[in-house]
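>>> structure for the following, please:
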Amino acid sequence: MAVDLTTGYLGLKLRTPLVASSSPFCKDIGNILRLEDAGASAIVLHSLFEEQIQVESGELDRFLTETSDSYGEASSYFPEMGSYNFGPEPYLNHIRKAKESVDVPVIGSLNGVSTGGWIRYAQLMEQAGADALELNIYYMPTDLEMTAQKVEEMYFDLVSHVKASVRIPVSIKLGSHFTAFAHFATRMDAAGADGLVLFNRFYQPDFDLDALEVVPNLVLSDSHELRLRLHWAALLYNRIRPDLAITGGVHTAEDVVKGVMSGARCTMMTSALLRHGIPYLEKIEEDLIDWMEEHEYESIRQMRGSMSAQSVAEPAAFERANYMKVLSSYTLKS
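Residues are numbered from 1 along each chain as shown. Below you'll find the model as predicted:
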């Protein structure tokens with residue numbers, strides 16, 4: 001009997017839990033077709049950035065002109081937005097072409113922090129045919145006066161406004177750096193989020209000591225990063241309404257199994273495909289089937305949440321017990 005790999009995410013039926021997350025591959029229709037052929041059950045497009053929306057309205061150009069008079073280096077921190085990815089209208093056309101080209105769900109992605117442009121372009125993405133939206137909220141609070149509560153309110157307001165403006169499902173790609181993440185997840189639930197994507201990878205720049213410049217530093221993930229995602233998916237599974245997706249650290253079929261067992265409905269990949277190429281998806285699916293057959297699992301549904309903390313009466317005590325177990329398990333070498 002063939003194993004059943006089907007799953008559901010954001011109300012969408014997926015052939016497998018293998019989703020191609022936002023990456024440079026998603027900018028090209030040919031690569032999107034290759035991703036579908038290799039087995040991607042859904043495709044999250046690269047992000048449309050708030051700064052690109054502001055360029056269209058002239059807001060960012062005005063901001064850079066004004067601030068560069070006072071801070072000569074200020075504008076050097078921004079890429080040329082006109083050539084970065086696509087502008088807003090080409091991005092919408094890209095959604096239309098992607099939907100015409102593939103049968104799997106196409107998820108649009110918005111990256112920003114304010115509500116104005118997000119609401120308009122969330123609606124336009126829906127009209128362009130996106131099956132769902134992923135809000136990639138990349139915000140690093142640096143204001144010394146901004147409280148954690150204020151940051152969370154910004155997220156809540158943004159999600160609730162976007163959800164009220166569209167009919168398609170909306171997922172939120174989150175960072176893990178919140179004071180009380182479990183409570184914050186319930187706030188995203190209350191705001192109407194249909195899914196939570198755990199977790200965004202915040203890229204830290206490096207210093208070029210010769211040029212005395214701040215330079216980008218992109219390091220691909222590896223399977224070790226999966227642990228934090230498993231931790232929170234296992235704690236949140238069946239305790240909140242939004243679907244859970246894991247991104248960051250998914251590189252092997254075993255990583256996919258762990259993600260599903262923690263409670264995720266799908267696992268998303270970027271770094272593994274950038275490192276090994278699009279056809280690597282086929283190997284992961286084959287390995288996943290082999291693992292499930294070997295361990296006598298008939299379906300993804302049967303595995304989902306089997307390693308979560310839902311059966312634990314007091315998750316905090318469960319966490320403490322595991323913390324103590326890890327610390328006591330290390331043996332010093334003689």
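>>> alpha carbons only for contacts and neighbour counts from here, please
OK.
>>> got the CA coordinates for stretch 163-183 in CSV?
Taking C-alpha atoms only, stretch 163-183 is exported to CSV below (Å, rounded to 0.1, in the frame of the first residue of the first chain):
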residue,chain,number,x,y,z
LYS,A,163,-6.7,39.9,7.2
ALA,A,164,-9.7,42.3,7.1
SER,A,165,-8.7,43.4,3.6
VAL,A,166,-8.5,40.1,1.8
ARG,A,167,-10.4,36.8,1.5
ILE,A,168,-7.5,34.5,0.8
PRO,A,169,-5.5,32.9,3.7
VAL,A,170,-2.8,34.8,5.4
SER,A,171,0.3,33.3,7.1
ILE,A,172,2.9,35.2,9.2
LYS,A,173,6.6,34.4,8.9
LEU,A,174,7.9,35.2,12.4
GLY,A,175,11.2,35.6,14.1
SER,A,176,11.8,33.8,17.4
HIS,A,177,13.0,36.8,19.5
PHE,A,178,9.8,37.6,21.4
THR,A,179,9.8,37.8,25.2
ALA,A,180,6.9,35.3,25.6
PHE,A,181,6.5,33.6,22.3
ALA,A,182,3.7,31.3,23.2
HIS,A,183,1.5,34.2,24.3
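>>> buried residues in that stretch?
163, 166, 168-176 (16 or more other C-alpha atoms under 10 Å).
>>> low-confidence stretches in the chain?
In the predicted model, the chain carries pLDDT under 70 at residues 1, 51-87, 113-116, 311-334.
>>> again, 80 this time
Along the chain, segments meeting pLDDT under 80 span 1, 49-87, 112-118, 138-141, 202-205, 216-218, 309-334.
>>> and the helices in it?
In the chain, the helices defined using DSSP state H lie at 29-38, 50-57, 59-70, 88-101, 116-128, 148-165, 181-191, 226-236, 253-262, 271-276, 280-294, 300-303, 315-329.
>>> which residues are in contact with the first one?
Helix 29-38 is touched from outside by 20, 25-26, 42-43, 94, 97-98, 101-102, 104, 278-282, with contacts defined as C-alpha atoms under 8 Å, 6 or more residues apart in numbering.
>>> residues contacting stretch 264-271, please?
By C-alpha under 8 Å, 6+ apart, stretch 264-271 touches 7-9, 16-23, 220-222, 233, 237, 243-251, 256, 259-260, 304-305.
>>> which parts of it are buried?
In stretch 264-271, counting by 16+ other C-alpha under 10 Å, buried: 264-271.
>>> and the end-to-end length of that stretch?
Taking C-alpha to C-alpha, to the nearest Å, stretch 264-271 runs 19 Å from one end to the other.
>>> now stretch 294-310
End to end - C-alpha to C-alpha - stretch 294-310 spans 26 Å.
>>> repeat that for stretch 133-150.
End-to-end distance (C-alpha to C-alpha), stretch 133-150: 24 Å.
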